[in-house]
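Enquirer: Below is the sequence, then the predicted model.
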Amino acid sequence: MQAIRSILVVVHPSLPETLALKRAKLIAGVTQSHLHLLACSKDEQTDFLTDLTDKLQADGFSASAQTAWHKSLHETIIMVQQTEGCGLVVKQHLPDNPLKKALLTPDDWKLLRHCPAPVLMVKHDRPWADGKVLAAVDVGNNDGEHKMLHASLVSHAVDIANLAKTEAHIVSAYPAPMLSAADPTFQLKETIEARYRSACAGFMQEHGLSEAQLHLAEGPADVLIPQTAHEIGAVVTVMGTVARSGIAGALIGNTAEVVLDALETDILVLKPEDVMEHLETLLASNS
């Protein structure tokens, strides 16, 4: 996170001292990043934004602000992120109405899918120093793309833990046995767990983490991640996602999207490098 030079902070007049701005100030205080405030509105929010930027500058932060609206909330945020070259988007997450979520893809899901930059969804006001930082990795996927994403997830989790003077932990899930599996390894719980524990041992050693910082269990990731976060008292969860769209995205969803409301922590969502580059290319061609 030290490489972030500019942070886009989504603010709203009904939330004068937003949770998003508090988190962004914490990060900027360490990284010396510029804070660019965005009010997503068709109406100018001059007084509100001027008051916020004046306070930030008085506190020694580099800050700027704007009001903008472009088709939808998530498209507005992404357009400004690209224009300003922000390396991180910070936004407060407010849970969607369950009925609305069943009928329409929530704006925050769309932002997680389509924003090329990492997105920090802020959900609570607890100090980060009061809990652990949890990185969710899929150790069973060991191809080049996943290895790079996992390294990024752990790196960001450790950075946040160092920033908050707390500890980083890792959670990974392994599947239940399947008698129909072609690979005999996946037909017995003991062999599945042994395989994943072996992979995790190498992974933890590679990243300089201890066995005590690992949480490995059988079950679906979207259940285990919130459960583990609650058990260890996590305040931030770092996750990866891919940019699914169309029918597959609507039906399957990403784990990060599915657990967004279930998690009690703030959530930092990252993408593989090639996905970020692909999204930036798409955005450039549509602009």
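Expert: All right, it came through fine. A quick note: this is a predicted structure, and the numbers were derived from the prediction, not measured.

Enquirer: doesn't Ala39 fall inside a helix?
Expert: No - using DSSP: H, G, I helix; E, B strand; the rest coil, the assignment for Ala39 is strand, not a helix.

Enquirer: Do you know the pLDDT at the residue nearest to it when sequence neighbours are not counted?
Expert: In this structure, Ala39 finds its nearest non-sequential neighbour in Gln45, 4.1 Å apart by C-beta to C-beta, 6 or more residues apart in numbering. Using the backbone N, CA and C atoms, a C-beta is placed for each residue, glycine as well. pLDDT, Gln45: 88.

Enquirer: got a pLDDT number for Gly253?
Expert: Per the predicted model, pLDDT is 49 at Gly253.

Enquirer: And the strands in this protein?
Expert: For the chain, the strands defined by DSSP state E cover 6-11, 34-40, 63-68, 88-92, 119-122, 132-136, 168-174, 214-218, 234-240, 266-270.

Enquirer: can I get these in JSON lines with distance to Lys110?
Expert: Listed next are the strands of the chain as JSON lines, based on distance: least, C-beta to C-beta, whole Å:
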{"stretch": "strand 6-11", "distance to Lys110": "14"}
{"stretch": "strand 34-40", "distance to Lys110": "13"}
{"stretch": "strand 63-68", "distance to Lys110": "17"}
{"stretch": "strand 88-92", "distance to Lys110": "12"}
{"stretch": "strand 119-122", "distance to Lys110": "11"}
{"stretch": "strand 132-136", "distance to Lys110": "21"}
{"stretch": "strand 168-174", "distance to Lys110": "26"}
{"stretch": "strand 214-218", "distance to Lys110": "30"}
{"stretch": "strand 234-240", "distance to Lys110": "16"}
{"stretch": "strand 266-270", "distance to Lys110": "12"}
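
Enquirer: just to revisit the earlier point, now do the same contact list for the residue nearest to Ala39.
Expert: Pro13, Ala39, Thr67 (C-beta atoms under 8 Å, 6 or more residues apart in numbering).

Enquirer: And stretch 11-29, how far out from the chain middle?
Expert: 17 Å (C-alpha atoms, centre = their mean, to the nearest Å).

Enquirer: Who wins on neighbours among the contacts of Gln45?
Expert: Ala39 (21 neighbours; other C-beta atoms under 10 Å).

Enquirer: and the gap between that residue and Val80?
Expert: 10 Å (C-beta to C-beta, to the nearest Å).

Enquirer: okay, and the common contacts of these two?
Expert: Gln66, Ala68.

Enquirer: ok, now which ones touch Thr166?
Expert: So Thr166 contacts Trp128, Ala129, Asp130, Gly131, Lys132, Val133, Val235 (C-beta under 8 Å, 6+ apart).

Enquirer: so where's this structure uncertain?
Expert: 2, 16-17, 96-104, 178-187, 242-253, 274-279, 282-283, 285-287 (pLDDT under 70).

Enquirer: Show me the domain layout of it.
Expert: Following automatic domain parsing, the chain resolves into domains at 6-92, 128-280.

Enquirer: how far is the longest one from where the chain is centred?
Expert: Right, domain 128-280. Worked out by C-alpha atoms, centre = their mean, domain 128-280 lies 12 Å from the chain centre.

Enquirer: Quote the end-to-end distance of it.
Expert: The first and last residues of domain 128-280 sit 31 Å apart, counting by C-alpha to C-alpha, to the nearest Å.

Enquirer: Before I go, just wanted to say thanks for your time.
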